[in-house]
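Colleague: using only what follows, build the 3D model:
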Amino acid sequence: MDFLRDSLDLTTEELEKLVTCMPTLFQLSIEKNMKPKLEFLKDCFQDEGKLKQLLIAFPVLLGYSFEKRLQPRMQRLLDIGENPGKIVTAIVLTEKKFDEWIQDRKIAMEYERRIMEEKRKEDEMKYIAKRKARIVKWTR
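Modeller: Model prediction:
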């Protein structure tokens, strides 16, 4: 378990929680299983602190097949621009439900993007109107 402690910079309490929630971690090969998963997840998360908290809360993530489940699903999340933390939702779904969920997320994210764009344009127009109101024309 030194590998997990060192890789994720875990305290003793955090390591205990991780192992208590997922005791089968002891059975996983470090070189063939845990190391590739952690390296991949670290590449996906910009913030290792968020990855650490995610794994403490959801250690079962390390038990899923890397090639068949974790990597392909994470890649699809990243491909649509989704937060990698959503893997905890995506990983437990059946293939059909996952495909539906991905489609729903694409639609929701596009809607959110449009709302943000409209808000930005509205804020820009308010700024321009405010600036125009300040302009004073001087005549001689």
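Colleague: does anything pack onto the top helix by length along the chain? Which helices or strands?
Modeller: When the chain is parsed with DSSP state H, its longest helix is helix 95-134. The elements that helix 95-134 packs onto, with contact taken as 3 or more CB pairs under 8 Å, 6 or more residues apart in numbering; DSSP states H and E, are helix 71-79, helix 87-90. All C-beta spots, glycine's among them, are computed from the backbone N, C-alpha and C.
Colleague: tell me the most buried of the ones you listed?
Modeller: Most buried of these, by mean neighbour count (mean count of other CB atoms under 10 Å): helix 87-90, with a mean of 18.
Colleague: what's it packed up against?
Modeller: Counting contacts by 3+ CB pairs under 8 Å, 6+ apart, helix 87-90 packs against helix 48-57, helix 71-79, helix 95-134.
Colleague: how about residues contacting that helix?
Modeller: With contact meaning CB atoms under 8 Å, 6 or more residues apart in numbering, helix 87-90 is reached by L54, A57, F58, L61, L70, R73, M74, R76, L77, F98, W101, I102.
Colleague: need those residues in CSV with distance to R113 and pLDDT, can you?
Modeller: Compiled in CSV, these are given as follows (distance: CB to CB, whole Å; pLDDT from 0 to 100):
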residue, distance to R113, pLDDT
L54, 25, 94
A57, 28, 93
F58, 28, 94
L61, 28, 94
L70, 27, 96
R73, 22, 96
M74, 21, 96
R76, 18, 96
L77, 16, 95
F98, 22, 97
W101, 18, 96
I102, 16, 96
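Colleague: give me phi/psi at Y64?
Modeller: Per-residue torsions, Y64: phi -80, psi 150 (degrees, to the nearest 10).
Colleague: looking at the helices and strands packed on helix 95-134, which is nearest to E117?
Modeller: Of all those, helix 71-79 sits nearest to E117, with 21.1 Å by CB to CB.
Colleague: show the contacting residues for R5.
Modeller: With CB under 8 Å, 6+ apart, R5 has these contacts: L15.
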